[in-house]
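**Q** Need a 3D model of the following:
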Amino acid sequence: MLTVKKCWGVMAQGHPSAEYSWFPGYTWQIINCADCWSHLGWEFCATRDDLRPRIFYGLTKTAIHDSEVDTSSSRETSDEDAEEMSL
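**A** Here you go, the predicted structure:
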């Protein structure tokens, strides 16, 4: 799994859950490709105000592709120094 702060072209599935989270203090939710619904990984959201980043993504190795993406539909955090990753 690769963790990133920004992710484009994804849709969350189901409801956030804190149960079995790999990152204490964060809920997780499955993310899929917005076009084909392939499983891409998970979105992690902080449950406490002192945790940073507030949101990040864990992507499976098979979800990562090198391509150009329209970033106008980004699900992203407000961190300006975040690394960009396209799916």
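**Q** Once you drop chain neighbours, what's closest to residue 7?
**A** Of all residues not flanking residue 7 in the chain, residue 57 sits nearest, at 4.4 Å (Cβ to Cβ, 6 or more residues apart in numbering). In this view, the C-beta of every residue, glycine as well, is placed from N, C-alpha and C.
**Q** Any idea how many residues pack against the one you found?
**A** Residue 57 has 25 neighbours, counted by other Cβ atoms under 10 Å.
**Q** Show the residue spans covered by the strands in this protein.
**A** Along the chain, the stretches classed as strands by DSSP state E are 2-4, 6-7, 10-17, 26-33, 39-46, 55-59, 75-76.
**Q** Next, format those as a markdown table and append distance to residue 66 and mean pLDDT.
**A** Output for the strands of the chain, formatted as a markdown table (distance: least, Cβ to Cβ, whole Å; pLDDT from 0 to 100):
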| stretch | distance to residue 66 | mean pLDDT |
| --- | --- | --- |
| strand 2-4 | 13 | 95 |
| strand 6-7 | 15 | 92 |
| strand 10-17 | 17 | 97 |
| strand 26-33 | 15 | 97 |
| strand 39-46 | 15 | 97 |
| strand 55-59 | 13 | 97 |
| strand 75-76 | 19 | 54 |
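**Q** Same list, those strands, but as JSON lines with distance to residue 65 please.
**A** Compiled in JSON lines, the strands of the chain are given as follows (distance: least, Cβ to Cβ, whole Å):
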{"stretch": "strand 2-4", "distance to residue 65": "12"}
{"stretch": "strand 6-7", "distance to residue 65": "12"}
{"stretch": "strand 10-17", "distance to residue 65": "13"}
{"stretch": "strand 26-33", "distance to residue 65": "10"}
{"stretch": "strand 39-46", "distance to residue 65": "10"}
{"stretch": "strand 55-59", "distance to residue 65": "10"}
{"stretch": "strand 75-76", "distance to residue 65": "17"}
